[in-house]
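> Here is a sequence with its predicted model. Questions after.
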Amino acid sequence: MRLRSIACLVLAAAVAGSSVPAGAQGPIRLGASLSLTGTYAKLGKNQHEGYQLCIKELNAKGGLLGRKLDLVVYDDQSMPPTAVRLYEKLITEDKVDAVMGPYSSPVSEAAANVTEKYKKVMVMPLAATTSIFKKGRKYAFMVISPAEGYLEGLVDMASKRGLKTIAVVNEDTLFSKAAASGAVELAKKKGLQVVFTEAYPKGNTDFAALLTKVKASNADVLAAATYFDDAVALTRQMKELAVNPKMYGVTVGGDLPEFYDTLKQNAEYIYGATQWEHTLPYPGNQEFFDTYKKEFGHEPSYHSTAGYAGCLIYAEGVKRAGSLEADKVREALLKLEMKTAFGEYKVDPDGFQTAHKMVTFQWQGEKKVTVWPDDLAQAKPRFPTPAWNQR
Amino acid sequence: MNAVVTPEMIGQVIISGVLSGALYAMVALGLALIFGVMRVINIAHGPLLMLGSYVTFFLYSRLGMNPFLTVPVAMAALFVVGMLLQRTLVFRVVDAPELSSLLLTFGISIALVNVAQNLFTSDLRAVEYITGSWTVGGLALSRPRFIAFLFALAVTGGAFLFLKTTRLGKAIRATSQSREVALVCGIDVPRIHMLTFGLASALAAGGGALLAVIVAIQPEMGGVWTFKSFLVIVLGGAGNYPGALLGGLLLGLVEQLASLFLTTQLSEVVAYVLLVVVLLIRPTGLLGGRQV
């Protein structure tokens, strides 16, 4: 009897002892749904790795509010309705302490409805569509530059080189539509004539008719608001149909190393827009690049870095708020000004990003070379793009 | 805002339509065979096509094989996979109500996609073998698509020749016409079912292998092909094999012409509206159902 109670006491002490330093609360569980399969898989995975690296580094520095961090991730198969279900599950069933954004604008737009309903602050590092943040949502925070600005560099360079006409095509989804309409607006402002616009459905594989029309429009510039596989298919068929604009630029996907691996020298001269390059002079950028490469065995894309930075930004918000409480974190994030490996962060009262900058690159000799804006440019663009049969 | 459509543009788009139409026909012929012989609508047809694409991708990237030479390999491999699927699973639903076969093949389809996601990952793959085009009379003829078109013609032609002239082909058609009579005439019907499923899977795989040089490969690429094939065989007449050819070409042309005159976005809508119209006017499809 006596022995047993002593053993019992010892055990109780041991249990209590081990849990006291952790604040008796266990780790902070950070939930997210990501596009690990489906159309956006490639990009969603990079974002996932960004989150993982951020959590690892935070934990190495002692966690957040004295607690370790745990990442709970589900696969939304790149589908907004699935993401809605998963955020419901994360918040109501798994009861995670906080959430992070999913990949892509359409998925973020859908998921934000859920997090808003449950008053959860959500930093959405890969949502680039302005409208998501201009609907009166209180808890949504933007990290990357808005979609409307993706093709700004291309349009600006074209107008400075005296080009007159532009054709704009886009995948018919939230982000691409915004990028295309941004390009159209900007082109008009810069005095370019918009001679052709058309949207195509997600998953489209045959662009022959579309490109035949682009060719007939004789546009000097082709601006395509794409993701990865449509950018590849478009480029291949441009070559087949001898569509020869003087400048041709894509949005997302064009910056992935796979873009060049897939298209080989056909990717030369193509312009792309990116939120980030590892060569940009941001604090901690080079270190992030090296660590990431070592950790995951491949180079990060801007999706990786945005994920990484978004997670750090949220953590900084929590640190300044001194709590996980949504309204306090929200206040802190609205006031926060921060420079990460991804560049600058500062939002307006709607959570809309105002400080971060886009850059435009061109594939030159198997490399992405930053060509715009001038103050960050590594080299001059190779202009004009030669016809396919003259390369 | 759209440019004026010139005759050259129409010519260009008709070429593209015919090129993709032949592929549609080839893949849809497989679906038509299974439906004709077993009365099973095979939802897994697209995922089988996807497996064919991966065969080509791996033979090309690992062994450096010419992607067009991988077509027979992909077809042979999936012929075996198809027969195994039929022998182990599909034979159970041949006489069951249609819903059972839909559910079963839907299940197989999900399983195949997930196996592919696990084994091959969801990374987009591409076979960058041949690009560019030939110019014929001012019109561009896409090299990869034209070669794929020739292969599709050859394979589809071969399949028809096989069905028309060989004993086995005749047995397949006989089973398709009437299973009972075929059985009475001494045809081993379960064996015919198995071979038909294998043959149909091979046709899907051949389509997948050819697509590999045209589009990006990923585990979910097949889904849209199930629907397109279904559209094709209903247009042409379900279970009617020449109907699959006509339906395939028609779908290819309609999609491209709709993209040209309307927008790319509307081309799918037009294809399905066409389906509704055909079903209203000729409920058995353009060439009528089930004549072999």
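Arrived safely.
> Quick one: name the residues of the stretch 101-250 of chain A near chain B.
By the rule Cβ under 8 Å from any Cβ of the partner chain, the part of the stretch 101-250 of chain A lying against chain B is A:172, A:194-201, A:203-210, A:212-213, A:216-217, A:228-229, A:232-233, A:236-237, A:239-242. To be clear about C-beta, it is placed using only N, CA and C from the backbone, and glycine gets the same treatment.
> Next one: the residue lying closest to residue B:155 once chain neighbours are set aside from chain A, what distance?
The shortest distance from residue B:155 to any non-neighbouring residue, by Cβ to Cβ, 6 or more residues apart in numbering or on different chains, is to residue B:206 (5.1 Å). Distance, residue B:206 to chain A, by Cβ to the nearest Cβ, to the nearest Å: 17 Å.
> Output the contacting helices and strands for the helix or strand residue B:278 falls within.
According to DSSP states H and E, residue B:278 maps onto helix B:264-281. Under the contact criterion of 3 or more Cβ pairs under 8 Å, 6 or more residues apart in numbering or on different chains; DSSP states H and E, helix B:264-281 touches strand A:193-200, helix A:208-217, helix B:223-236, helix B:241-261.
> tilt between it and helix B:223-236?
Going by axes from the mean of the first three to the mean of the last three Cα atoms, to 10 degrees, helix B:264-281 is angled at 40 degrees with respect to helix B:223-236.
> just the angle between helix B:264-281 and helix B:241-261, please?
Between helix B:264-281 and helix B:241-261, the angle comes out at 140 degrees (the same axes, to 10 degrees).
> and the stretch 1-150 of chain B, which residues reach chain A?
By the rule Cβ under 8 Å from any Cβ, the part of the stretch 1-150 of chain B lying against chain A is B:1-6, B:9, B:12-13, B:16, B:20, B:117, B:121-124, B:126, B:128, B:131-133, B:135, B:140, B:142-145.
> pLDDT score for the residue in the stretch 51-200 of chain B that chain A sits nearest to?
Closest contact between the stretch 51-200 of chain B and chain A, by Cβ to the nearest Cβ, is at residue B:122 (3.6 Å). Looking at residue B:122, its pLDDT stands at 77.
> May I see the ChimeraX selection of the buried members of the residues of the stretch 101-250 of chain A next to chain B?
Selecting only the buried entries of those in ChimeraX, with 16 or more other Cβ atoms under 10 Å in any protein chain shown as the criterion:
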select /A:172,194,195,196,197,198,199,200,201,204,205,206,207,208,209,210,212,213,216,217,228,229,232,233,236,237,239,240,241
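> who touches the helix or strand containing residue A:33?
Using DSSP H and E, residue A:33 maps to strand A:28-34. Strand A:28-34 is contacted by residues A:44-45, A:47-48, A:51, A:55, A:63-65, A:67-76, A:82-83, A:86-87, A:90-91, A:94, A:96-103, A:107, A:111, A:311, A:324 when judged by Cβ atoms under 8 Å, 6 or more residues apart in numbering or on different chains.
> same deal with stretch A:55-63?
Residues from elsewhere that reach stretch A:55-63 (Cβ under 8 Å, 6+ apart): A:27, A:28, A:30, A:64, A:68, A:69, A:70, A:71, A:295, A:311, A:312, A:315.
> Surely the last one is in contact with residue A:64?
Yes: in this structure, residue A:315 sits in contact with residue A:64. The criterion is Cβ atoms under 8 Å, and the distance is 5.5 Å.
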